[in-house]
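Chemist: I need the structure of the sequence given here:
(one chain, ligands or ions: 1)
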Amino acid sequence: MSVREVDVAVVGAGPGGLYAATYVGLRGLGALVLDILPAPGGQITALYPEKRIHDVAGFRAVRGRELVERCTEQAEAAGAELQLSTRAERLTRTADGFVVGTADRGEVRCRAVIVAAGLGTFTPRRLPDAERFEGRGVCYVIRDPEAFRDEHLVIVGGGDAAVDWALELEHLAASVTLVHRRDRFRAHEGRVEALLSSSVDVMTEAEVVHLHGDGQLAGAEVLHKPSGEHREVAATRLYAALGFHADLGPVAEWGIGVEGRVVAVDRCMRTEVAGVFAAGDITDYAGKLKLISAAFGEAVIAANHAANHVDPELRVFPGYG
Ligand SMILES: Cc1cc2nc3c(=O)[nH]c(=O)nc-3n(C[C@H](O)[C@H](O)[C@H](O)COP(=O)(O)OP(=O)(O)OC[C@H]3O[C@@H](n4cnc5c(N)ncnc54)[C@H](O)[C@@H]3O)c2cc1C
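Modeler: This next block holds a predicted model:
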């Protein structure tokens, strides 16, 4: 069994974990980042690699894929190492730190742990009765916007992903119809305003009730719930952005204070176990926002406190000016 020794083990290579590892490296310590997935980037890589992100500092807009590439490059340049396709299964205390046990890739001995496991594993929620068109017009993740060129696209959902993609594909697709079951959106107000003044056909309080086509998707029947009216919509592509099922997996059993799918942290991003810190979507505190920018800020705090935990000679605040 392989045994790795490192100053700080980071669980999760999403934006939170990657930036935590960067900062651990900047503090002169070694970081090893473990992730179940075969590629870094967490939710960004798995669910929206081609979406433009509009709310990360320093970019007017940046594609998910590009942001992940830059975060990974930055972490590696700071000396962090990534071990992908590796699930962190167990966390055990030792006399001078921790052992993180993996499923089949040995164990990692470390002085501190930063848990940046986000939502754990996630799978998109399926659109009822759409299975026969999966890969034949229906998709849950957009990997190549060009696949929508000159197609009649129906987007189902009312969150940021649905709204952002409707706006982005408005001029690439032959037509874009957005179907949302409520009358209010769960997206940034500015983006919703842009959507409502765009050429996208927005159908609220509506549901896709039937898909049809001979092998390949050709059309969708949409029910407007308040009136009970059915409308036939041209649909050669359908992107369902209905959220996803998440499962935190083994991290929930590590005895670090996980409640439901989150772990309470203090202002130093400490969990209830000394030496175990957390950052990103997994953390919970008053005022928490599940955003990339918030994950970056928490990662910096967690990494600097972890550095001080590993070596008390290292001040928490590296200090500038
Ligand atoms: C469709 C969609 C669009 C979004 N758009 C935006 C946006 O425009 N702007 C914005 O700020 N935010 C957006 N978000 C939210 C943003 O993606 C999250 O806030 C961010 O990804 C959180 O980063 P994280 O590093 O905490 O977790 P994650 O990105 O979830 O990464 C956690 C990683 O930990 C790994 N992991 C979990 N458990 C283990 C384990 N036991 N062992 C090893 N690895 C493990 C997972 O495989 C995953 O790779 C969006 C989210 C979605 C779903």
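Chemist: who are the contact partners of Leu242?
Modeler: Leu242 makes contact with 124-127, 140, 156-157, according to C-beta atoms under 8 Å, 6 or more residues apart in numbering. Just so you know, the C-beta spots here come from the backbone N, C-alpha and C atoms, and that holds for glycine as well.
Chemist: let's see that with 7 Å instead.
Modeler: 124-125, 127, 156-157 (C-beta atoms under 7 Å, 6 or more residues apart in numbering).
Chemist: which two among those residues are spaced furthest apart?
Modeler: Pro124 and Val156 (11.4 Å; C-beta to C-beta).
Chemist: return the residues of this protein in contact with the ligand.
Modeler: Contact residues (C-beta under 6 Å from any ligand atom) of the chain with the ligand: 11-17, 34-37, 42-44, 47-48, 53, 55, 87-88, 116-120, 160-161, 249-251, 280-281, 290-293, 295.
Chemist: ok, for the residue of the stretch 151-300 of the chain found nearest the ligand, nearest residue in space, not its chain neighbours?
Modeler: Relative to the ligand, the nearest point of the stretch 151-300 of the chain is Gly280 (2.0 Å; C-beta to the nearest ligand atom). Nearest non-adjacent residue to Gly280, counting by C-beta to C-beta, 6 or more residues apart in numbering: Gly16, 2.7 Å away.
Chemist: what do you get for Pro124?
Modeler: Tyr140 (3.7 Å).
Chemist: just give me the neighbour total for the residue in the stretch 101-250 of the chain positioned nearest to the ligand.
Modeler: Residue nearest to the ligand within the stretch 101-250 of the chain: Gly118 (2.0 Å; C-beta to the nearest ligand atom). Neighbour count of Gly118, defined by other C-beta atoms under 10 Å: 28.
Chemist: in which helix or strand would I find it?
Modeler: Assigned by DSSP states H and E, Gly118 belongs to no helix or strand.
Chemist: list the contacts for it?
Modeler: Contact analysis of Gly118 by C-beta under 7 Å, 6+ apart lists 12, 14, 16, 42-43, 280-282.
Chemist: one step back: isn't the residue nearest to Gly280 up against Ala295?
Modeler: Yes. Shown here, Gly16 and Ala295 form a contact pair, counting by C-beta atoms under 7 Å, at 3.6 Å.
Chemist: more neighbours, those two?
Modeler: Comparing Gly16 with Ala295 by other C-beta under 10 Å, the one with more neighbours is Gly16, at 31 against 26.
Chemist: quick one, helices of this protein?
Modeler: Here the chain has its helices, by DSSP state H, at 15-26, 42-47, 64-77, 160-169, 189-196, 292-310.
Chemist: need these in TSV (columns: distance to Thr102 and mean pLDDT).
Modeler: Below are these laid out as TSV (distance: least, C-beta to C-beta, whole Å; pLDDT from 0 to 100):
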stretch	distance to Thr102	mean pLDDT
helix 15-26	15	98
helix 42-47	18	94
helix 64-77	19	98
helix 160-169	31	96
helix 189-196	40	97
helix 292-310	20	98
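Chemist: just name the most buried of these.
Modeler: Among the helices of the chain, helix 15-26 has the highest mean neighbour count (mean count of other C-beta atoms under 10 Å), at a mean of 30.
Chemist: from the middle of its chain, how far away would that helix be?
Modeler: The chain centre lies 16 Å from the centre of helix 15-26; the measure is C-alpha atoms, centre = their mean, to the nearest Å.
Chemist: before we move on, what about stretch 225-236?
Modeler: With C-alpha atoms, centre = their mean, you get 32 Å for stretch 225-236.
Chemist: buried ones in that stretch, by neighbour count?
Modeler: By neighbour count on 16 or more other C-beta atoms under 10 Å, the buried set for stretch 225-236 is 233, 235-236.
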